[in-house]
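Q: Mind folding the following:
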Amino acid sequence: MNKEIENIIVKFLISSANEEELDQLGVWLKTKENVKLFGEYIEINYALDVNFNEFDNKNVKNALSEKIKQESSVFYKYKVYNVLKYAAVVLLFFGLGFIFKEHFFETPVDAIPEIVNTNISVEPGTNKATLTLEDGSSVVLEKGGAFQTQNANSNGEEIIYNKTSQSVTEVTYNYLTIPRAGEFFIVLADGTKVWLNSESQLKYPISFVEGETRQVELVYGEAYFDVSPSELHNGTTFKVLNNAQEVEVYGTEFNIKAYKDETNIYTTLVEGKVSVGTAGVKQNLVPNQQSNLNMIDGNMTVATVDVMSEISWKNGVFSFNGKSLKDIMKVISRWYDVDVIFENSELETITFVGVLGKDQSLKTILETIKTLSIIKNYEINDKTVRLN
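A: Alright, predicted model coming up:
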């Protein structure tokens, strides 16, 4: 490892790297050999130095806090997440994943319990989906397999619909269903790109009728939309329906989270403009805003959020910005297809901030959480995880 990269890594860890340095680090980390060097460097220089004799811990925490406040632009945060996509290795004491945990530096080394020994390895999710065609038949799409219809092509990792030159008068629909431990990417016939998260289902036309509103339905789950602009489609708008709300867009990027086991629907605008409507009420969003629709009482609120944290799932990382352990485990359970049981209910409300790579095994993530004394023990038994 050369000195220049070493200096950039240090600056990255204390959140002082500029955009050019983040780009350089991201390129360097694209090889497995360099990712390994990165992890070894952190472990040698930080993880083993539990007392941080060379650092003023209080000042480091203050510097991190101030830097986070200063660098609030989506573009800069995207650079950081782009690096984390390659570098999200588990770091135990001064880790990328949990450098912002509030009482982190005060945890004495002898208070950290031993890691649970288990030979059970639950691997992360992968690209897979079930495509339901207009005639009702279903096809399993998964990595390594190919599938083709008159309207679409899939290589097992994505499905792309063809733009038709013929006039379409009747709308026919396909469904794309993503299971737990799955994700998938789709390009609709109008060029709109959609990333679908685990346990999600999208209903969409195989072709859009020219001159009419382009309309799809997020039946349930989570999806990120990069909508083809209206000016490319004779000014027609694009709508995303759900059983409780309607989102109207004009060419923009946004995220909708509407899981069946949750009572709230979250719509997060990254760029452009959308209006979120429900029960005769419409709310316009500007970038960095998120609407929160409570399906129990129908109330909708709007707040400014950390957009990159909300959409990090599509960039290959988990980002937990002040989330409770209960909410975090919901995300984990969908991606690893496991059920999580809290033996101690008090653990459910613990909150912390962290970033972890989605390509890590479940055991690796649980060991990290345990090492940070967030939980005392864990047990993996087939598809069930117990925390206490």
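
Q: For the helix or strand containing Arg334, which helices and strands make contact with it?
A: Using DSSP states H and E, Arg334 sits in helix 325-336. Other elements packing on helix 325-336 under the criterion 3 or more Cβ pairs under 8 Å, 6 or more residues apart in numbering; DSSP states H and E are strand 317-324, strand 339-342, helix 362-371, strand 384-387. Heads up, the C-betas are built off the backbone N, CA and C, glycines and all.

Q: Next, format these as CSV and append mean neighbour count, distance to Gly272 and mean pLDDT.
A: Formatted as CSV, the helices and strands packed on helix 325-336 follow (neighbours: other Cβ atoms under 10 Å; distance: least, Cβ to Cβ, whole Å; pLDDT from 0 to 100):
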stretch, mean neighbour count, distance to Gly272, mean pLDDT
strand 317-324, 20, 22, 83
strand 339-342, 14, 36, 96
helix 362-371, 20, 34, 85
strand 384-387, 18, 39, 96
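
Q: Which among the ones you listed is found nearest to Trp195?
A: When the helices and strands packed on helix 325-336 are compared by Cβ to Cβ, strand 317-324 sits nearest Trp195, at 13.6 Å.

Q: List the neighbouring strands of the closest one plus their orientation.
A: strand 351-357 (antiparallel) (DSSP bridges).

Q: Could you check the angle the strand it pairs with makes with helix 362-371?
A: 150 degrees (axes from the mean of the first three to the mean of the last three Cα atoms, to 10 degrees).

Q: Quick one: distance of strand 351-357 to the chain centre.
A: Distance, stretch centre to chain centre, for strand 351-357: 12 Å (Cα atoms, centre = their mean, to the nearest Å).

Q: cool, stretch 2-10 as well?
A: Worked out by Cα atoms, centre = their mean, stretch 2-10 lies 28 Å from the chain centre.

Q: Retrieve the pLDDT associated with Leu285.
A: In this model, Leu285 is scored at 96, pLDDT.

Q: So which residue is dead centre in this protein?
A: Trp313 (1.2 Å; Cα atoms, centre = their mean).

Q: got the contact list for it?
A: By Cβ atoms under 8 Å, 6 or more residues apart in numbering, the residues touching Trp313 are 197, 222, 319, 331, 358.

Q: Same question for the residue nearest to the third one when sequence neighbours are not counted, what's its three-state structure.
A: Ranked by Cβ to Cβ, 6 or more residues apart in numbering and with sequence neighbours excluded, the top spatial neighbour of Ser319 is Ser312, at 3.7 Å. Secondary structure state of Ser312, per DSSP: H, G, I helix; E, B strand; the rest coil, is helix.
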